[in-house]
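Asker: I would like the atomic coordinates for the input below:
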Amino acid sequence: SIVFLPRHLGPVEGTLDIQTSVGGFLYVINAYGVPSPYRIAPFLNVSVFSGQRYTPPISIMNPYDSVLHVTEVHTSENFLHLTLPSHISADDPE
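Answerer: The predicted structure follows:
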């Protein structure tokens with residue numbers, strides 16, 4: 001599956017390059033970035049020195065009536081390591 005995670009709102013065009021054992025395929029992709037219902041924004045143009053921690057607060061708005069549980073965090077960069085805070089339990093309201 002392919003997931004589109006926009007870095008800005010509005011129209012986006014790109015090229016998807018798929019390499020297989022029988023050759024490569026290029027697809028022009030058009031998408032439209034819309035605001036996150038959770039009001040989460042990407043961290044862009046942040047400079048962090050090697051070996052340093054970057055711990056900005058992340059606020060998540062739950063637009064739904066059910067409880068929201070964050071069980072995983074992800075980055076598209078191979079050199080970054082993300083973790084959930086270890087001090088927050090399932091019963092913690094924060």
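Asker: Now do the strands in the protein.
Answerer: Assigned by DSSP state E, the strands in the chain fall at 10-20, 23-33.
Asker: Adding mean neighbour count and mean pLDDT, write these out as a markdown table.
Answerer: Yep, even glycine has a C-beta here, placed from its N, CA and C like the rest. Output for the strands of the chain, formatted as a markdown table (neighbours: other C-beta atoms under 10 Å; pLDDT from 0 to 100):
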| stretch | mean neighbour count | mean pLDDT |
| --- | --- | --- |
| strand 10-20 | 9 | 93 |
| strand 23-33 | 10 | 93 |
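Asker: of all those strands, which lies closest to residue 67?
Answerer: Closest to residue 67 of the strands of the chain, according to C-beta to C-beta: strand 23-33, at 27.5 Å.
Asker: That closest one vs strand 10-20, what angle?
Answerer: Our comparison of strand 23-33 with strand 10-20, counting by axes from the mean of the first three to the mean of the last three C-alpha atoms, to 10 degrees, yields an angle of 160 degrees.
Asker: And the contacts of strand 23-33?
Answerer: Under the contact criterion C-beta atoms under 8 Å, 6 or more residues apart in numbering, strand 23-33 has outside partners 4, 6-18.
Asker: ok, so of those residues, who is nearest residue 58?
Answerer: Of these, the one sitting nearest to residue 58 (C-beta to C-beta) turns out to be residue 7, at 16.5 Å.
Asker: For that closest one, which residues are in contact?
Answerer: Contacts of residue 7 (C-beta under 8 Å, 6+ apart): 33, 42, 44.
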